[in-house]
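Student: Take a look and give me a structure for this.
(2 chains)
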Amino acid sequence: MTNLATGVWYAIAADHDLVDGHVYRTVLGGHELAVWRAQSGTVQVWDDRCPHRGVRFSLGEVVGDDLRCQYHAWRFGPTGACTFIPAQPQMKVPGTIRARTWPVAQSGGLVWTGIDPAGPVPDLPPGTVARAIPIARPAAEVAAALVALEGLAPVVQPLDAGTTMVRAIATDGDVPRADRVLVALRRRLESAV
Amino acid sequence: MARFARTIAHTPGCPKKRNRAAAKTRWTLRRGGLATAAMTAIDPIVWNDWHPVAARCTLDPARAHTTVLLNQPLTIAIDGAGTITARRDDGGALHQDERYGLVWVCLGTPDRPVLVIAEADEPDRPAVVVGAVAVRAAGPRVIENFLDLGHLGYVHAGYLGDDPHTRVLPYSVAALPQGGIIATGCRMYQPQASPAATEGFDVEYVYKVERALITCLYKSNPLHRDRFDVIYLFVQPVTETTSVAHPLLLCLPDGTTPQGLRAFQQTIFLQDKPILENQRPARLPLADGADTPIAADKSSVAYRRWLSAIGLTWGVIPAPAKAARAA
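Tutor: Numbering: from 1, shown residues only, chains lettered A, B, ... in the order given. Next up, the predicted model:
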């Protein structure tokens, strides 16, 4: 765990990470998250843990508007409520069986969440979302180094105390250049230790 | 030591035995010196029990087998005459035995022998060692997975279950007189219950947990439907969150070669491995409210409560004291 600021929106995935049927796995401040898009188009951010027997949801798959856990194929709908338990198909699923859900916002080609995030999602300039680059340095240090990068609007996602994911919008649409800049930055920060 | 003291305080059942175990553990640790200083908290329940550490058939005189038991590195050697010697790498004492084709080690003071398996003495049941499967999961999680009926139709789809035959029918769970639990009357439709099965059929199961890290099942044999195949699962506790599974087959002859039996069971175990390695938290939570079981999970619930009742601390997150007493 790391100290995750409350009231803050963090970008934790790009829209293009959410492939049909796939559950995207990430970490925010030590919290393991499962991110997925229902067939209806709504995006979900959940604790990456099935409440039944603790298996990571990210091992599972998206079936229609439900996420299906890989262990016992329990299904959970977009509100987080369990909708079907195949071992007891006749049972009306108790409303208390639910996945833990996180707030979600979509903006600038990114998926945002946080602990009690307040206000609107940060406004980013238009452009193209570049590949996410993980850097084995704390978020504050990475954020400080990102300030003066031309043509890039970067956002940082603290993974844990010592690791940070950088997502950036290439404002000129030149994604290969953005990628080279971020990889060079990673090399510089990680070798400076 | 602090955590160890708590362990003793939580096991009011037989204080004498626990205290003796504690004294022995401390002595062993002192002899082990600084290198083993981190091991002060080993649960006496697992420390004083027997655990499999190798299969005879995989030992090679030309190359010693190295493994880890309860955080202790071990080396298992076999000489040209077939004599097996297990040693602790730190020179500490251990007890060694051999049963069912497996080498067993107790690092503490054994208060009972290696589990006696009556079916192993039946002349028409060859013991087939399946092979060691390393799993990055706590031992109790591996046992719980073995008891689980609800996953058969998905994790083992096409073999031990199949959609839409996923309903878990009611079954019974009871305490065993010598400790542990037994689940009876379990039934599951299985398309390929074993290598010899030529068609799907309703398989009847009985499950037993006789020791914290030993479980077994009895299941209908496709040819001898009035007798049961027996499959044991011994879990070698490596660290609190890593294990080696040693399955043992005591199956009735049905034309399947030992290689065929091994291949089938290895397929099954390797299907469970990614599930086990993705369960959180890594240690099995014993508190009643930690997870959300349903009626189909009756045996898993009984297993967790039994672990609470005996005061196991290895590889689990113990329930708060009150809950443990209520169990």
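Student: Enumerate every residue touching B:Thr184.
Tutor: Residues near B:Thr184 by C-beta atoms under 8 Å, 6 or more residues apart in numbering or on different chains: B:171-174, B:206. From N, CA and C alone the C-beta is placed, and that goes for glycine too.
Student: Please identify which helix or strand holds the most far-flung residue of chain A relative to its centre.
Tutor: Among residues of chain A, the one most distant from the C-alpha centroid is A:Gln90; the distance is 34.6 Å, by C-alpha atoms, centre = their mean. Counting by DSSP states H and E, no helix or strand carries A:Gln90.
Student: what's the answer for B:Val203, then?
Tutor: strand B:201-211.
Student: And that strand, what's buried?
Tutor: Neighbour-count burial for strand B:201-211, counted by 16 or more other C-beta atoms under 10 Å in any protein chain shown, picks out B:203, B:205-211.
Student: Show the pLDDT at the residue farthest from the centre of chain A.
Tutor: In this prediction, A:Gln90 carries a pLDDT score of 93.
Student: show me where chain A has helices.
Tutor: Using DSSP state H, the helices of chain A run over residues A:139-146, A:175-191.
Student: And chain A, split by domain according to the record?
Tutor: A:10-102, A:124-191 (automatic domain parsing).
Student: highest average neighbour count across those?
Tutor: domain A:10-102 (a mean of 19; mean count of other C-beta atoms under 10 Å in any protein chain shown).
Student: contacting residues around the closest residue to A:Gly29 other than its chain neighbours?
Tutor: Excluding its sequence neighbours, the residue lying closest to A:Gly29 (C-beta to C-beta, 6 or more residues apart in numbering or on different chains) is A:Leu4, at 3.1 Å. Taking C-beta under 8 Å, 6+ apart, we find A:Leu4 in contact with A:10, A:28-31, A:114-115, A:158.
Student: Check the residues you listed and tell me the two furthest apart.
Tutor: A:Gly30 and A:Gly114 (13.7 Å; C-beta to C-beta).
Student: what residue ranges in chain A score low on pLDDT?
Tutor: For chain A, applying pLDDT under 70 flags the ranges A:1-3, A:193.
Student: residues from it in reach of chain B?
Tutor: By the rule C-beta under 8 Å from any C-beta of the partner chain, the part of chain A lying against chain B is A:32, A:48-49, A:51-56, A:59, A:70-73, A:85-89, A:91, A:96-97.
Student: Can I get stretch A:66-83 as PDB, trimmed to CA atoms?
Tutor: What follows is stretch A:66-83, C-alpha atoms only, in PDB (Å, rounded to 0.1, in the frame of the first residue of the first chain):
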ATOM      1  CA  ASP A  66     -21.600  -9.400 -16.600                       C
ATOM      2  CA  LEU A  67     -18.100 -10.200 -15.400                       C
ATOM      3  CA  ARG A  68     -17.800 -14.000 -14.900                       C
ATOM      4  CA  CYS A  69     -15.300 -15.200 -12.200                       C
ATOM      5  CA  GLN A  70     -13.000 -17.900 -13.500                       C
ATOM      6  CA  TYR A  71     -13.300 -20.100 -10.400                       C
ATOM      7  CA  HIS A  72     -17.000 -20.900 -10.000                       C
ATOM      8  CA  ALA A  73     -18.400 -18.800 -12.800                       C
ATOM      9  CA  TRP A  74     -20.400 -16.500 -10.600                       C
ATOM     10  CA  ARG A  75     -21.600 -13.600 -12.600                       C
ATOM     11  CA  PHE A  76     -21.700 -10.000 -11.500                       C
ATOM     12  CA  GLY A  77     -23.500  -7.200 -13.200                       C
ATOM     13  CA  PRO A  78     -22.500  -3.500 -13.700                       C
ATOM     14  CA  THR A  79     -23.700  -2.400 -10.300                       C
ATOM     15  CA  GLY A  80     -21.400  -5.000  -8.700                       C
ATOM     16  CA  ALA A  81     -24.300  -7.200  -7.600                       C
ATOM     17  CA  CYS A  82     -23.900 -10.900  -8.100                       C
ATOM     18  CA  THR A  83     -26.500 -12.000 -10.700                       C
END
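Student: Just checking the distance from that stretch to the centre of its chain.
Tutor: 19 Å (C-alpha atoms, centre = their mean, to the nearest Å).
Student: cool, stretch B:185-195 as well?
Tutor: 21 Å.
Student: got it, and stretch A:109-129?
Tutor: With C-alpha atoms, centre = their mean, you get 12 Å for stretch A:109-129.
Student: Repeat that for stretch B:261-276.
Tutor: On C-alpha atoms, centre = their mean, the centre of stretch B:261-276 falls 15 Å from the chain's centre.
Student: go on, stretch B:217-231?
Tutor: That offset, for stretch B:217-231, works out to 20 Å (C-alpha atoms, centre = their mean).
Student: thinking again about what came up before, got a PyMOL select line for the buried ones in the contacts of B:Thr184?
Tutor: Listed next is the PyMOL selection for buried residues among those, using 16+ other C-beta under 10 Å:
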select buried, chain B and resi 171+173+206
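Student: Can I get the contacts of B:Thr184 in JSON lines including distance to B:Arg305 and secondary structure?
Tutor: Shown next, in JSON lines, are the contacts of B:Thr184 (distance: C-beta to C-beta, whole Å; DSSP: H, G, I helix; E, B strand; the rest coil):
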{"residue": "B:Tyr171", "distance to B:Arg305": "16", "secondary structure": "coil"}
{"residue": "B:Ser172", "distance to B:Arg305": "15", "secondary structure": "strand"}
{"residue": "B:Val173", "distance to B:Arg305": "10", "secondary structure": "strand"}
{"residue": "B:Ala174", "distance to B:Arg305": "13", "secondary structure": "strand"}
{"residue": "B:Val206", "distance to B:Arg305": "19", "secondary structure": "strand"}
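Student: of the contacts of B:Thr184, closest to chain A?
Tutor: Of all the contacts of B:Thr184, the one with the least separation from chain A (C-beta to the nearest C-beta) is B:Tyr171, at 11.6 Å.
Student: tell me the pLDDT at the closest one?
Tutor: 97.
Student: show me the contacts for it.
Tutor: B:149, B:183-187, B:298-299.
Student: The strand holding B:Val203 pairs with which strands?
Tutor: strand B:181-190 (antiparallel), strand B:214-220 (antiparallel) (DSSP bridges).
Student: any idea which of those is most buried?
Tutor: Ranked by mean neighbours (mean count of other C-beta under 10 Å), the strands paired with strand B:201-211 are led by strand B:214-220, with a mean of 21.
Student: Give me the distance between it and the centre of its chain.
Tutor: With C-alpha atoms, centre = their mean, you get 11 Å for strand B:214-220.
Student: Next secondary structure element downstream of that strand?
Tutor: Using DSSP H and E, the first helix or strand after strand B:214-220 is strand B:228-239.
Student: from the contacts of B:Tyr171, which is closest to chain A?
Tutor: Nearest to chain A among these, counting by C-beta to the nearest C-beta, is B:Leu149 at 7.3 Å.
Student: For that closest one, grab the count of nearby residues.
Tutor: 26 (other C-beta atoms under 10 Å in any protein chain shown).
Student: what sits against it?
Tutor: A:87, B:168, B:171, B:186, B:188, B:205, B:296, B:299.
Student: Let's have those in TSV, adding distance to A:Thr171.
Tutor: Formatted as TSV, the contacts of B:Leu149 follow (distance: C-beta to C-beta, whole Å):
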residue	distance to A:Thr171
A:Ala87	51
B:Val168	55
B:Tyr171	62
B:Cys186	61
B:Met188	58
B:Tyr205	62
B:Ala296	54
B:Ser299	58
